[in-house]
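Undergrad: give the three-dimensional model of this entry:
(chains A and B, ligands or ions: 2)
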Amino acid sequence: MNDKTGELSGRGHIEIDGLTKTYASDAGDITALERIDFDIAPREFVGIVGPSGCGKSTLLRCVGGLIAPSVGEVRIGGDVVIEPDPRIGYVFQQAVLLPWRRVLDNVMLPFEISGRPTAENRAKALEVLEMVGLSEYLNHRPGELSGGMQQRVSVARALVVEPSILLMDEPFGALDAQTRDSMNVELLRIWYESQTTVVFVTHDIGEALFLSDRVMVMSVRPGRVQDVIDVDLPRPRTFTEVEADERFWTLRQRIREQLN
Amino acid sequence: MRRLLRALRSEAWLGRLLVIVSAVVLIVVWHFWARTNSPLILPEPGPVLERLLDYVGSGRANPHIWITVQEIILGFALGGIAGIGLGTLASEFGIARRVIMPYVIVTQALPKFALAPILVIWFGFGMTPKVIIAALIAFFPLLENTYLGLTTAPAEMLELFRALRAGRWTTLTKCKALHAVPAVFSGLRVALMLALVGAVVAEYVGANKGLGALIIVSQGTLDTELMFVAFVQLTVLGLLLDQAHGLVYRLVMRRLYGSVGAEMRAAGVSV
Ligand SMILES: Nc1ncnc2c1ncn2[C@@H]1O[C@H](COP(=O)(O)OP(=O)(O)OP(=O)(O)O)[C@@H](O)[C@H]1O
Ligand SMILES: [Mg+2]
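TA: Ligands and ions are numbered 1, 2, ... in the order given. Predicted coordinates:
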């Protein structure tokens, strides 16, 4: 029998098994992913880097149950993924906010859809919005926010349901360096305090190394796992410590060479 | 003086000024043109205005205006509800689309004014045939625009709703319907004007009251002045309906997008 923590951590276990994804298009079939095998442990933080168009978003969509694999399967907590899973929080590459909703109402959307727009959940929404530094903008419409602020709202919307798996597709790509750094620190804190498994796609090798336990490096199309790098930097991490560490620069160099 | 000049430089004020100036020019041209003609062919603006004020002031115009307004509103409402309802069905269910669309195309191909005589035979000289014609003609733009608005919600938004495991109804009411608001309102605007035309033309075919009936009566009595009075009333009625539509549209957009967002959208979307 499972105890509570065992059950919770089991939910965060992602198995990607022989995953191939082919898109049919007018110009012929495009193989976006080819035979991806990858196991992500509960509570693990995995970064994914790879050249543009190598299938990173496609991989997240398969894990999130938004599209079906052509061959192979994804399992979460042992169950084959066939549809979107309520335990997953998704941050898309674009912010995808509803322009007619105020910031707070956008973050409440997951609760409204699942029929739980309670006062308690509203308090949670206020809390995550504070975390991403948008407390002053609760009643603004998305159109009145900068791109980076919009992306932070979408991060808040994913976090608010306290998911056991967080899939993040270049969530901080539109942020300035300082905001991005503070969001990274905040994300690590949330991850550390929760039971969440995080899969984090980024273009920024340094960001991937700073955040992740392991970094998956993908090859150009068709996307394959080119390398998997264990980031054995001690936690909790700070930018100064990480950047002072020789291993960080060695790993960075290694990934950079793989990508060229 | 300087303030006036600055105001003129803003496009909105310049636009208003140009409209007023050109209207005055047109009326002056009408005036002199009319003087070279018999008042039976083209009455002068002055007498038309006098007649209008007398006609409206004495209250004799009221029954005609009231009947036509009722026909327009009823036809618009019925056609609108049917158009929005069937457009929604067609956008949500493939099978509904396959059944509805052939009928819609056939009813569109049939000139609806051609039905007016048979409708008069069936329903008499009352309001019913006019309401039906107005409804039939208001129906199509709403069906089209509702369908268009509901089926063009951005793919990323629909993906978000899928990720959040939203059902069909929730996706329709919380995403697609709100996305469709501008398209539906532009359909409503066209439908309103078409309902007016529909009601008036249907009155030509057989009616004892209404602004269209008034035009036919004045034709029979060679009272061209009265005919122009009816034209003016119809034009004002159309303008008022359009203004009312614009007011509601702006209120809804402001409600949805806030004042800033609504203005930005208004600049991009033709209102
Ligand atoms: N819906 C689709 N239909 C057809 N081809 C697609 C579709 N989505 C993605 N592709 C193709 O699959 C490949 C991988 O796309 P994907 O969006 O996963 O790349 P990515 O690694 O996320 O790129 P980026 O870093 O630029 O976001 C691309 O070559 C793209 O053209
Ligand atoms: Mg991508």
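
Undergrad: list the contacts for the residue in the stretch 151-271 of chain B positioned nearest to chain A?
TA: Using C-beta to the nearest C-beta, the closest approach of the stretch 151-271 of chain B to chain A is made by residue B:256 at 4.1 Å. Heads up, the C-betas are built off the backbone N, CA and C, glycines and all. With contacts defined as C-beta atoms under 8 Å, 6 or more residues apart in numbering or on different chains, the neighbours of residue B:256 are A:100, B:178, B:181, B:262.

Undergrad: in space, what's closest to the first one - neighbours in sequence excluded?
TA: The spatial neighbour of residue A:100 that comes closest, neighbours along the chain excluded (C-beta to C-beta, 6 or more residues apart in numbering or on different chains), is residue B:256 at 4.1 Å.

Undergrad: element containing that neighbour?
TA: Take DSSP states H and E as the rule and residue B:256 turns out to sit in helix B:224-268.

Undergrad: likewise for residue A:36?
TA: Following DSSP H and E, one finds residue A:36 within strand A:30-40.

Undergrad: for my notes, please list the contacts of residue B:256 in TSV and give secondary structure, neighbour count and distance to residue B:230 for each entry.
TA: Listed next are those as TSV, based on DSSP: H, G, I helix; E, B strand; the rest coil; neighbours: other C-beta atoms under 10 Å in any protein chain shown; distance: C-beta to C-beta, whole Å:
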residue	secondary structure	neighbour count	distance to residue B:230
A:100	coil	21	42
B:178	helix	17	41
B:181	helix	18	35
B:262	helix	21	37
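
Undergrad: how about residues contacting whatever helix or strand comes next after the strand holding residue A:36?
TA: Note on strand A:30-40: by DSSP H and E, the next helix or strand toward the C-terminus is strand A:45-49. Taking C-beta under 8 Å, 6+ apart as the criterion, the residues outside strand A:45-49 that touch it are A:40, A:56, A:59, A:188, A:191, A:197-205, A:207-209, A:211-218, A:255, A:259.

Undergrad: kindly export strand A:45-49 (C-alpha atoms) in CSV.
TA: As requested, the backbone C-alpha atoms of strand A:45-49 are provided in CSV (Å, rounded to 0.1, in the frame of the first residue of the first chain):
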residue,chain,number,x,y,z
PHE,A,45,14.0,19.3,-12.3
VAL,A,46,14.8,18.6,-15.9
GLY,A,47,15.9,21.3,-18.4
ILE,A,48,15.6,20.8,-22.1
VAL,A,49,17.8,22.8,-24.6
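
Undergrad: the helix or strand following that strand vs strand A:30-40, what angle?
TA: Using DSSP H and E, the helix or strand that follows strand A:45-49 towards the C-terminus is helix A:56-63. Between the direction of helix A:56-63 and that of strand A:30-40, the angle (axes from the mean of the first three to the mean of the last three C-alpha atoms, to 10 degrees) works out to 60 degrees.

Undergrad: what comes into contact with helix A:56-63?
TA: Counting by C-beta under 8 Å, 6+ apart, residues outside helix A:56-63 touching it are A:14, A:16, A:19, A:21, A:32-33, A:36, A:48, A:50, A:67-69, A:74, A:76, A:81, A:88, A:90, A:93, A:165, A:167, A:169, A:199, A:201, A:218, A:223.

Undergrad: show residues contacting stretch B:179-196.
TA: Taking C-beta under 8 Å, 6+ apart as the criterion, the residues outside stretch B:179-196 that touch it are B:72-73, B:75-76, B:79-80, B:83-84, B:134-135, B:137-139, B:141-142, B:144-146, B:148-150, B:152-154, B:157, B:234, B:237-238, B:241-242, B:245, B:249, B:252-253, B:256, B:265, B:269-270.

Undergrad: try 7 Å
TA: Applying C-beta atoms under 7 Å, 6 or more residues apart in numbering or on different chains, the contact partners of stretch B:179-196 are B:72, B:75-76, B:79-80, B:84, B:134, B:137-138, B:141-142, B:144-146, B:148-150, B:153, B:237-238, B:241-242, B:245, B:249, B:252, B:256, B:269.

Undergrad: what of stretch A:159-166?
TA: For stretch A:159-166, the surrounding residues in contact (C-beta under 7 Å, 6+ apart) are A:8, A:11-12, A:14, A:76, A:87-89, A:107, A:110, A:124-125, A:128, A:158, A:190, A:194-198.
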